[in-house]
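Colleague: Here's a sequence, model it:
(4 chains)
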There are 2 protein chains.
Amino acid sequence: MPATAARSAGRFTPVNKESTASLITRQLREGIMDGSLPAGSQLSEARLSAAFGVSRGPLREAMQRLVQEGLLRAEPNRGLFVKELDAEEIRDLYVARTAVESAAALKIVRDAATETTPRAVALLRATCTAMRRAATAGDLSALSDADFDFHEELVTASGSARLRRMHETLMVETRMCLTALEGTYYDPEDQVDEHRRIADAIADGDEAAVLRAIDDHMHQALERLIRGGEADTRG
Amino acid sequence: MPATAARSAGRFTPVNKESTASLITRQLREGIMDGSLPAGSQLSEARLSAAFGVSRGPLREAMQRLVQEGLLRAEPNRGLFVKELDAEEIRDLYVARTAVESAAALKIVRDAATETTPRAVALLRATCTAMRRAATAGDLSALSDADFDFHEELVTASGSARLRRMHETLMVETRMCLTALEGTYYDPEDQVDEHRRIADAIADGDEAAVLRAIDDHMHQALERLIRGGEADTRG
DNA sequence: GGTATCATCATTGTCGACAATCCACGGATC
DNA sequence: GATCCGTGGATTGTCGACAATGATGATACC
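Modeller: Residues are numbered from 1 along each chain as shown, chains lettered A, B, ... in the order given. Reported below is the predicted structural model:
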C-alpha cells in the first residue's frame, strides 16, 4: 500500500448512501412504533407513495421488508395492514425475546475472558441508573427509553449479528404494543430492580442467575403488558 | 350457520394462491441451499427474470426478501450476491441456533401439562430412529435430512411462530454451509446419540439437561463444520 | 513505464401505465 | 325476505422503458 493521504483519513466514515427503500422502511417503522399508523389500518400504496414523493416501486420494496419483519400483514390482492397483536401474540413475542436476550447474556458471561464483558456491565449499569433517575423524576418516557436501551445494549454487547438483528425486530414489536396501551407503567422501582438484577448476575458470571433474572423480568413485563391491555379494554 | 353443503366440505383446503414473489423466493432459496447458486456469485436481475419468465418487479421483491433473511448481500448500484460465510459467521449462526432451539425445547418442557409434549417427544424419537437407520445404511443424504427434520420439529413443536420463523432462516444458512463442504460427515453414530440425548432430556423434563444437551450438540456440530471447512481448504 | 482521463457497456434504481383482482352496492329473482 | 347476479370503483400485481450509477478497457499524457 502506497503512503498516500489515505492513511490520515481514519476519521472519515465510508459514505453509505442509504437506499430509498431503507429510508422509507425506517419512517414506516417509526410510524408503526409511535402509533401514527395504528394496528389494523391498511397502508395504501398509492397514498403512501404520494406522501413520500416516490413511485410505488421503492415503496413496495419498503413494505415488503416490513412484512418480512412481521410488522405488516399482507392479504393478497387486498393490501397490507399493520399487524395487530393479541394476548397470545404478545406472549409469543416475549418467548422470542427471552430466547434472544438470554442467549446474548449467556454469551457475554461466557466471553468473560475478553475485556468486552466489564464494559458491557458498565454500560448496563449506567442504563440502570438512568432508569432510576427517570423513575424518581416521574419521567415515564425517559424510563421507557432507558428500558429499551438496556435491552438493546445487552444484545449488542453479545457481539452476535444474528441475535442483534432478530432482537431489533422484536423490540419494534414490543414498542408497538407498549405504544398501543399508552404507557401504563406499574412500579417503576420494581422495573429498575429487575434490570439491575440482570446486570448483577452478568457481573457475577452466574449463568443460572442470569437466566432466572431474565426469565423473571420477561414474565413481569409480560404480566404488566397483558394486565394493562385488559384494563385498557375494560376502561 | 345454515346447513348448506359447506359443512361437508371439510376436506377442502383454502386455496392460497401463492404470490409470484413467494414462488421465486422459494426457488432461489433452494438454489442457494443446494449450491446451484454458489456463495459469492452475483445474481443478475435481468438474467434471472428472463429465466423465471417474469418481469424484474416480482423478482426484485423476491430477492429483497432473501436480503432481509440474510442470505443475499446487497451492494448498492452493484448488485446482489450470495452471502459467503466465514468461520466467524458460522459460529454466530450456531449461537443463534442454540438460542432458538434451547428456547423451543425449554418451552416444550414447560408446557408439559398439555398433550403436545408427549407427541413432540414421540416425533423427535421417530426422527432419531430415522437417523440411526440412515447412519447404519450409510445414506448420508438421508441422515442429513433426518437431522434437519429433528431440529425443525423441535422448533415447530414449541408452538412459537416467532421462534419458528427465525429458525427457518437459520436452517437455510446451515444447509447452505453444509452443502458448501459437500457432506463431510464424521461419526454418524455420535450424531444420532447427540440428538437422542436431547429428546431424552425433554422427555425427562430436566431443563438443565436439555440446555446441556443442545449446547453440547451445537458445539459438536460447529466443530465438525469448522474442521470440515479447514480440511476442505487444505486438501 | 506509470498514471490520469474518457468513452463504453452492463447493471441497478425508478417511474408511469396497464391488467387482474377483489369488495361494495343495487337491482332482479325466487 | 333472502339470495343471487352484475356492475362500478378502488386497489394491488405486473410490465416495459428510461435514468443513474459504477466497472471496464482504451487512449493520451507526464
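
Colleague: From the chain's centroid, how far away is the host helix or strand of residue A:190?
Modeller: If you go by DSSP states H and E, residue A:190 is part of helix A:188-204. Mean-position distance between helix A:188-204 and its chain equals 18 Å (CA atoms, centre = their mean, to the nearest Å).

Colleague: can you pull the buried residues of the helix or strand just after it?
Modeller: As assigned by DSSP H and E, the chain's next helix or strand after helix A:188-204 is helix A:207-234. Across helix A:207-234, burial judged by 16 or more other CB atoms under 10 Å in any protein chain shown covers A:207, A:209-211, A:213-214, A:217-218, A:221-222, A:224-226, A:228-229. For every residue, glycine as well, the C-beta is placed using N, CA and C.

Colleague: and which of these is nearest DNA strand D?
Modeller: Within the buried residues of helix A:207-234, the smallest distance to DNA strand D is 28.3 Å, found for residue A:229 (CB to the nearest atom of the strand).

Colleague: mind listing the strands for chain A?
Modeller: With DSSP state E as the criterion, chain A has strands at A:42-43, A:72-75, A:79-82.

Colleague: re the thing from before, counting by contacts, list what the helix holding residue A:190 packs against.
Modeller: In terms of contacts (3 or more CB pairs under 8 Å, 6 or more residues apart in numbering or on different chains; DSSP states H and E), helix A:188-204 is packed against helix A:87-110, helix A:116-137, helix A:140-158, helix A:207-234.

Colleague: Pull the contacting residues for residue A:40.
Modeller: Contacts for residue A:40 (CB atoms under 8 Å, 6 or more residues apart in numbering or on different chains) come out as A:81, A:82, A:84.

Colleague: what about burial for the residues you listed, which qualify?
Modeller: Buried by 16+ other CB under 10 Å: A:81, A:82, out of those.

Colleague: Just give me the least confident of the contacts of residue A:40.
Modeller: Ranked by pLDDT, the contacts of residue A:40 bottom out at residue A:84 (89).

Colleague: quick one: contacts for the nearest residue to that one once chain neighbours are set aside?
Modeller: Ranked by CB to CB, 6 or more residues apart in numbering or on different chains and with sequence neighbours excluded, the top spatial neighbour of residue A:84 is residue A:39, at 4.3 Å. Neighbouring residues of residue A:39 by CB under 8 Å, 6+ apart: A:82, A:83, A:84, A:85, A:176, A:180.

Colleague: try residue A:22
Modeller: residue A:62.

Colleague: residues touching the closest residue to residue A:190 other than its chain neighbours, list them.
Modeller: Among residues not flanking residue A:190 along the chain, residue A:220 sits closest, at 7.3 Å (CB to CB, 6+ apart). For residue A:220, the contact set (CB under 8 Å, 6+ apart) comprises A:190, A:191, A:194.

Colleague: Look at residue A:220 and report its pLDDT.
Modeller: Looking at residue A:220, its pLDDT reads 94.

Colleague: Quick check: residues of chain A near DNA strand D?
Modeller: Within chain A, the residues that sit near DNA strand D (CB under 7 Å from any atom of the strand) are A:17, A:42-47, A:56-57, A:60, A:74, A:76-80.

Colleague: Which of those residues sits closest to residue B:156?
Modeller: residue A:74 (22.4 Å; CB to CB).

Colleague: Could you double-check that the closest one lies in contact with residue A:65?
Modeller: No. Using CB atoms under 8 Å, residue A:74 makes no contact with residue A:65, being 11.8 Å away.

Colleague: Those two: who's more crowded?
Modeller: The residue with more neighbours, out of residue A:74 and residue A:65, is residue A:65; 21 against 17, by other CB atoms under 10 Å in any protein chain shown.

Colleague: Nice, that's everything, thank you.
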